[in-house]
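Trainee: Here is my input; please provide its structure:
(one chain, ligands or ions: 1)
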Amino acid sequence: MLYHVSGEFAIRWMTAVLTLTPIFIIFGVTNLYVRQAMGIATAIWSLLHFILFIWAEGFLETFTQVNYIAGFIAIVILIPMLLTSNRKSMAILKANWKKLQSLVYIVIILSLLHIILLDKTWLIYGIIVGLGFIVRIPTVKKKFFEMRKARKKSKSKK
Ligand code: HEM
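Mentor: Got it, this is the predicted structure:
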């Protein structure tokens, strides 16, 4: 029950965080505080999920199944991301901060792999994340930016 709830919250927050860039591309809306808060929620729920697992099964059990190992690598990557999800770290790391945060793409792939191998509900998350990747394709992204620009222009004419 606790695995179920914590795992579900972790993947839901992660999927939601990954929709923020497509939302920005399509609607031009973004907010750094919301982004950081959602990122922190993702990492906290994932860590909680793992802590519950260690508590119930023990740490070494993590290395007994491929799906747990995929989840474990995702957690390991999430830790530095969580620790640097603040303005101070952004200022210190500069361009490297963005590089570090873009590791979320590896994290979501590992997390989806974890759930697919466990044979749990994954398709809906896969579709949302997949659509987000399509929106991020440079030519698609450019089309959305141009559409927004044209809409703005026609609005200002009226
Ligand atoms: C070391 C890392 C991890 C371990 C050991 C672990 C372990 C587990 C276990 C034992 C289950 C329950 C399997 C069952 O009911 O048969 C589970 C389910 C799940 N895990 Fe993980 N997990 C890890 C990381 C992650 C991560 C990073 C995510 C996603 C952010 C995640 C998302 C889920 C989801 C969505 C479920 C299915 C919940 C359900 O519908 O029942 N897990 N995990």
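
Trainee: Going by contacts, tell me the helices and strands next to whichever helix or strand Leu82 is part of.
Mentor: Element membership for Leu82, per DSSP states H and E: helix 66-83. With contacts defined as 3 or more C-beta pairs under 8 Å, 6 or more residues apart in numbering; DSSP states H and E, the packing partners of helix 66-83 are helix 32-57, helix 95-101, helix 104-118. Using the backbone N, CA and C atoms, a C-beta is placed for each residue, glycine as well.

Trainee: quick one: pLDDT of Lys158?
Mentor: For Lys158, the pLDDT comes out at 66.

Trainee: Same question for Ser154.
Mentor: For Ser154, the predicted pLDDT is 81.

Trainee: What is the burial count for it?
Mentor: By the criterion of other C-beta atoms under 10 Å, Ser154 has 9 neighbours.

Trainee: Would you check how far apart it and the ligand are?
Mentor: 42 Å (C-beta to the nearest ligand atom, to the nearest Å).

Trainee: hmm, back to that, is it possible to get a markdown table of the helices and strands packed on helix 66-83 that adds mean neighbour count?
Mentor: Below are the helices and strands packed on helix 66-83 laid out as a markdown table (neighbours: other C-beta atoms under 10 Å):
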| stretch | mean neighbour count |
| --- | --- |
| helix 32-57 | 16 |
| helix 95-101 | 13 |
| helix 104-118 | 19 |
